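Enquirer: Next one to model:
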Amino acid sequence: MKVIIIGGVAGGATAAARLRRLDEKASITIYEKSGFISYANCGLPYYIGGEIEDEGELTLQTPQSFKARFNVEVNVNCRVTAIDTAAKTVTVEQLKTGKVFTDSYDKLIISTGAHPALFGIGGADTRGVFTLRTVEDTLAIKRYIDDEHPREAIVAGGGYIGIELAENLVRNFIKVTILQRPNQLLAPLDYDMACLVASKLKKEGVEVVFGASVKAFSRKGDKIICTLADGSTRPCDMAIAALGVLPDSSLAVQAGLKTGVKGAICVNERMQTSAPDVYAVGDAVEVTHFVTGAKALISLAGPANKQGRIAADNICGIPSEYCGSQGSSVIKVFDMTVATTGINERAAQAAGINCQSVVLSPSSHAGYYPGARTMTMKVVFENTTARILGAQIVGYDGVDKRIDVIATAMRAGLTADKLTELDLAYAPPYSSAKDPVNMAGYMIENIMNGLVKQFTWHDIPGLTGDEGAFLLDARTRGEYAAGHVAGFINIPLDELRSRLAEVPAGKRIYVMCHSGLRSYLACRILSQNGFDCFNFSGGYAFLRSVCLGGGMPENMFSCGMER
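Expert: Model (predicted):
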């Protein structure tokens, strides 16, 4: 059996290694258009920032080591220019020599990945303007920094790559501005959670400009001029276009293979394309979203590696299926960690799913043990079934652990209220006896059982003029004096039972505290005394972050925010 693999990074390299483990006699050939194989895309920004010092650490294998270990013929700087599915051949161009030849296959795996999306931006090839996708891109950026010593950089795009690059440019003592067309960073997050990330970047000296759509780059003397869609310009010393990626599926299109979302290659659960004996894996393919069941693009290394293994299994006669992607991801933002899994609230609503969420701010470990830090968790669930739709966590220590627990619970089919039953490891340096994941479960269980009703920051503008509402702040007098939302009356939780007469009967009571715990306790007191009560999701601290930390103006709430 002769197998050709187009692309030698995550999916392609994994498929090749798995094929060899299953079939010692197969002829396996990789054609990779860059000069490197099996490299760590996700590590590229950290070489620019100096956290990864050795260039060699970026590549897990070389063509020589891959040949020695797996007996796979690896051809770098070789671009496949055409696929003939009828003749079962590929046309290959050797980029360094210009030589063109054909090669035949019995089975073909397309692992061409994705390419940076430029969305029609002019001047993207201007000297000092870069994209980041390959090792060569990384080396070019690092060389430019070392040679030109830029002082100011523009990063167009506030997704994963844009934010990681911003951090690592700052590590090179470069003043960074992120220009972001939408009103938030990191699309997998909901707006409220993304505000926490924007606030962190600003604290680290990164300027974040929302509503800024880059139209073109040009060079004027020593400066790069970034022109925006509104006609304004911003000068800088270097620029990065980090607007996302699109599937690199042009070969598949030319070969007549069926494509789907944004031109991604359509595959079945066995990673088979519409052509016989042709498989496709990685960022170039369309996947089924594990939560919604809809077709989607999810460009992550984990799914690519899994898909490469599955394609190899099926080629070798082992039935194997890919069961969908749920988009579990994590990103380092300076010393902060941001993680997501599943879909956010906005995506759930767009998919027509009746959902709500809980927001909580637990400590990373027992509060009495030194070093505990707060994380903000948002868990989205379906109203009628308590099915977990997704989660977002922003914090420091322990964020990755909790998102992985929730992601696993989702795969296992646990409903959100069953998070209470998870038996998770506890010791004061690592967690609390009630782990944050358990706490999210308890909150959702209370909602599902009708013990508490919620209101969110979206509701606040409409409450201040509502004659049927009474707004109650259950924090201490000192906390209230330091800052509160206008219109909320202060009755501290510990005084509430003795001051129930001050709460008007017949009105809906909306209760707020710092994090949502004391307001929940207040709601339980009020509800059992006949009041119709709603607890504020996330608390005052979360509301303040939403209002002050994001792209919306500070006066976005009609009631205002008192500092």
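Enquirer: can you give me the helices in the chain?
Expert: 10-22, 44-48, 63-70, 135-148, 160-170, 191-203, 250-254, 301-315, 345-350, 399-411, 436-448, 477-482, 517-527, 539-548 (DSSP state H).
Enquirer: Now do the residue located most distally from the centre of the chain against Phe488, distance only.
Expert: Going by C-alpha atoms, centre = their mean, the residue of the chain most distant from its centre is Ala501, 48.0 Å out. Counting by C-beta to C-beta, to the nearest Å, the gap from Ala501 to Phe488 is 18 Å. (Glycine included, C-beta is placed from N, CA and C.)
Enquirer: again, but for Met193
Expert: To Phe488, Met193 is 23 Å away according to C-beta to C-beta.
Enquirer: quick one: which of the two has more around it?
Expert: When Met193 and Phe488 are compared for neighbours, Met193 comes out ahead with 29 against 24, by other C-beta atoms under 10 Å.
Enquirer: residues in contact with Asn383?
Expert: Counting by C-beta atoms under 8 Å, 6 or more residues apart in numbering, Asn383 makes contact with Asn354, Cys355, Gln356.
Enquirer: Also Gly308?
Expert: Contact analysis of Gly308 by C-beta under 8 Å, 6+ apart lists Ala10, Gly11, Gly12, Ala13, Thr14, Ala15, Arg18, Ile109, Ser111, Val281, Gly282.
Enquirer: Among those residues, which pair sits farthest apart?
Expert: Arg18 and Gly282 (13.8 Å; C-beta to C-beta).
Enquirer: Neighbour count for these two, which is higher?
Expert: Gly282 (32 against 22).
Enquirer: right, and the more buried one touches Ile109 too?
Expert: No - contact criterion C-beta atoms under 8 Å: Gly282 and Ile109 do not qualify, at 9.5 Å.
Enquirer: buried residues in stretch 208-226?
Expert: The neighbour-count check on stretch 208-226 (16 or more other C-beta atoms under 10 Å) flags Val208, Phe210, Ala212, Val214, Lys215, Ala216, Phe217, Ile224, Ile225, Cys226 as buried.
Enquirer: Compute the first-to-last residue distance for stretch 284-295.
Expert: One end of stretch 284-295 to the other measures 13 Å (C-alpha to C-alpha, to the nearest Å).
Enquirer: From the rest of the structure, what touches that stretch?
Expert: 7, 110-114, 247-249, 252, 259-261, 264-267, 269, 271, 296-298, 303, 307, 322-327, 342-343, 347, 351, 353, 389-390, 410-411.
Enquirer: Can you flag the buried ones in those?
Expert: 7, 110-114, 247-249, 252, 259-260, 264-267, 271, 296-298, 303, 307, 322, 324-327, 342-343, 347, 353, 389-390, 410.
Enquirer: Return the subset of these lying in strands.
Expert: Secondary structure assignment by DSSP state E places Ile110, Ala114, Pro247, Ala296, Gly342, Leu389, Gly390 of those in strands.
Enquirer: ok so, going back, neighbour-wise, which one of the contacts of Asn383 leads?
Expert: Neighbour-wise, those (other C-beta under 10 Å) top out at Cys355, 20 neighbours.
Enquirer: residues contacting that one?
Expert: So Cys355 contacts Glu345, Ala348, Gln349, Val380, Phe381, Glu382, Asn383, Leu389 (C-beta under 8 Å, 6+ apart).
Enquirer: repeat that with 10 Å
Expert: By C-beta atoms under 10 Å, 6 or more residues apart in numbering, the residues touching Cys355 are 343-345, 347-349, 380-384, 387, 389-390.
Enquirer: likewise Ala304?
Expert: 7, 9-15, 41, 111, 113-114, 281-285, 298, 325.
Enquirer: Kindly report the same for Ala391.
Expert: Contacts for Ala391 (C-beta under 10 Å, 6+ apart) come out as 328, 339-344, 357-358, 377-381, 402-403, 405-407, 409-410, 416, 419, 437, 440.
Enquirer: sorry, back to before: show me whatever sits in contact with both of Gly282 and Ile109.
Expert: With C-beta under 10 Å, 6+ apart, Gly282 and Ile109 have common neighbours Gly7, Gly11, Gly12, Ala15, Met271, Gln307, Gly308, Ala311.
Enquirer: okay if I get the helices of the chain as a markdown table plus mean pLDDT?
Expert: Output for the helices of the chain, formatted as a markdown table (pLDDT from 0 to 100):
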| stretch | mean pLDDT |
| --- | --- |
| helix 10-22 | 96 |
| helix 44-48 | 94 |
| helix 63-70 | 94 |
| helix 135-148 | 96 |
| helix 160-170 | 97 |
| helix 191-203 | 95 |
| helix 250-254 | 97 |
| helix 301-315 | 97 |
| helix 345-350 | 96 |
| helix 399-411 | 98 |
| helix 436-448 | 97 |
| helix 477-482 | 95 |
| helix 517-527 | 97 |
| helix 539-548 | 89 |
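Enquirer: could you measure the nearest residue to Gln326 once chain neighbours are set aside against Gln307, distance?
Expert: Spatial nearest neighbour of Gln326, excluding adjacent residues (C-beta to C-beta, 6 or more residues apart in numbering): Phe290 at 3.9 Å. Applying C-beta to C-beta, the value for Phe290 to Gln307 is 14 Å.
Enquirer: And for Arg387?
Expert: Taken as C-beta to C-beta, the span from Arg387 to Gln307 is 25 Å.
Enquirer: so where's this protein uncertain?
Expert: Where the chain drops to pLDDT under 70, the residues are 549-563.
Enquirer: For the nearest residue to Ser325 once chain neighbours are set aside, give me its contacts.
Expert: Excluding its sequence neighbours, the residue lying closest to Ser325 (C-beta to C-beta, 6+ apart) is Ile298, at 4.2 Å. Counting by C-beta under 10 Å, 6+ apart, Ile298 touches 188, 283, 285-290, 304, 324-329.
Enquirer: Done for today, thanks.
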